[in-house]
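> Please work out how this folds:
(one chain, ligands or ions: 1)
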Amino acid sequence: MTTQNRDDRAEWLQGSSVRCEVVTQGDQAPWRLVLLGAPGVGKGTQADLLHQRLGACHLSTGDVFRAAASRRECELSPAMRAATEYMRRGALVPDSTVWEMVRERSGCLRCNGGFILDGFPRTLAQAESLKQLMENEGLTLTAVVNYDLPTSEIVARLSGRRTCEKCRTVFHVTERPPKVEGYCDRCGGGLFQREDDRPESIQVRLEAYDRSTAPLIDFYGSLGLLTSVDASGAPDEICARTLNGLKSRHAI
Ligand code: AMP
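The predicted structure follows:
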C-alpha cells in the first residue's frame, strides 16, 4: 500500500495541540530527508515536488516562523516574537528557539509518513540536536540532498520570487510566472514578495548560509548521507535529478 499523505502539516505549522490528517500506513519504510542549499536555491519548490512523488510531508521551519509572524503580537511568546524580528532582517533565529520549536513538533519526525525537512538544520548545533533526537527515537535519515547553484543565479531567483499568501505556492516573475499576474494558479490567493527577499536581507541571508549552514555539507558527507544535486534548470528537471540521486538509497 502506498502512503496516502496529504501534506496536511497542521501539526507542524500550528504546534502539537493540533492533529494532522496524514494517513501514515504503508509497507515501505518512510522517506526521511533533509534538504540543504543556500536560500533561494529552490528547496521549498523541490520539497513540494518530492512530497508529491514520495508522500513524505514537507516540513519547513521558515513556514512555521512566517505563520507566527502573521499572528497577533499578543498571541506570541517572547521567543517567537524575537524570532520573527530575526527573520525580517534575514538573520538566523537563535538555535535554542529553533530547537524548542522543532522539539515541540517532534511527532512529525516520528510520523510513519516520513518527512522532508526544508530549512532545518541550518547550523552544526541544530544538526547535532537532530541526530541525537533521531538516535534516541531509533530513527534514521534516508539521505541529505544538497542543492548547488552559483550565487548570481541565487540572487536572481530570490529577488523575483513571489509566494501565495494562502497556500504558499512559490512563483517567479520570469522563470515561473502565474497565469494571472499577482494571483496563485492553484488557489487564486494573492501573491506577495517575502520581506526577507528584499536586497538588503538577501545579503544577510547569504552570509549566514556561508558561515553557519555550508559546514553541514561536510557534516553529512562524513556520515555518508550526502547526495549533491545541480539546482539549475526547471523545477521538474531538478526533481528528476534528485530522484535519480536518491535511487540507490531507497526503493522509489
Ligand atoms: P526559509 O523560509 O527557510 O528561508 O526561512 C526564513 C527565515 O526563517 C530564515 O531566514 C531565518 O530567519 C528563519 N529560520 C528558518 N529556519 C531556521 C533555522 N533552522 N535556523 C535559524 N533560523 C531559521
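> Kindly report the residues of the stretch 1-150 of the chain close to the ligand.
39, 60-62, 65, 86-87, 90-93, 98, 119-120, 122, 126 (Cβ under 6 Å from any ligand atom). Where C-beta positions appear, they are placed from N, C-alpha and C, glycine not excepted.
> Any of those buried? List them.
39, 60-62, 65, 86-87, 90, 92-93, 98, 119-120, 122, 126 (16 or more other Cβ atoms under 10 Å).
> how far away is the nearest residue to Thr169 once chain neighbours are set aside from Ala67?
Leaving out its chain neighbours, the residue that sits closest to Thr169 by Cβ to Cβ, 6 or more residues apart in numbering is Arg186, at 5.0 Å. Arg186 is 18 Å from Ala67, where distance means Cβ to Cβ, to the nearest Å.
> Please apply the same query to Gln28.
Gln28 sits 30 Å away from Ala67, going by Cβ to Cβ.
> just the buried ones among the residues of the stretch 1-150 of the chain next to the ligand now: which is nearest Pro150?
Ranked by distance to Pro150 (Cβ to Cβ), these are led by Pro39 at 14.0 Å.
> What is the neighbour count of the residue nearest to that closest one when sequence neighbours are not counted?
Closest residue to Pro39 apart from its sequence neighbours, by Cβ to Cβ, 6+ apart: Arg205 at 4.6 Å. As a burial measure, Arg205 scores 21 neighbours (other Cβ atoms under 10 Å).
> So Arg205 belongs to a strand, correct?
No. Membership of Arg205 in a strand is not supported by DSSP: H, G, I helix; E, B strand; the rest coil, which gives helix.
> Let me see the contact set for it.
Residues in contact with Arg205 (Cβ atoms under 8 Å, 6 or more residues apart in numbering) are 39, 90, 158, 196.
> And the strands in the stretch 1-150 of the chain?
32-36, 57-60, 115-118, 143-148 (DSSP state E, counting those that start in this stretch).
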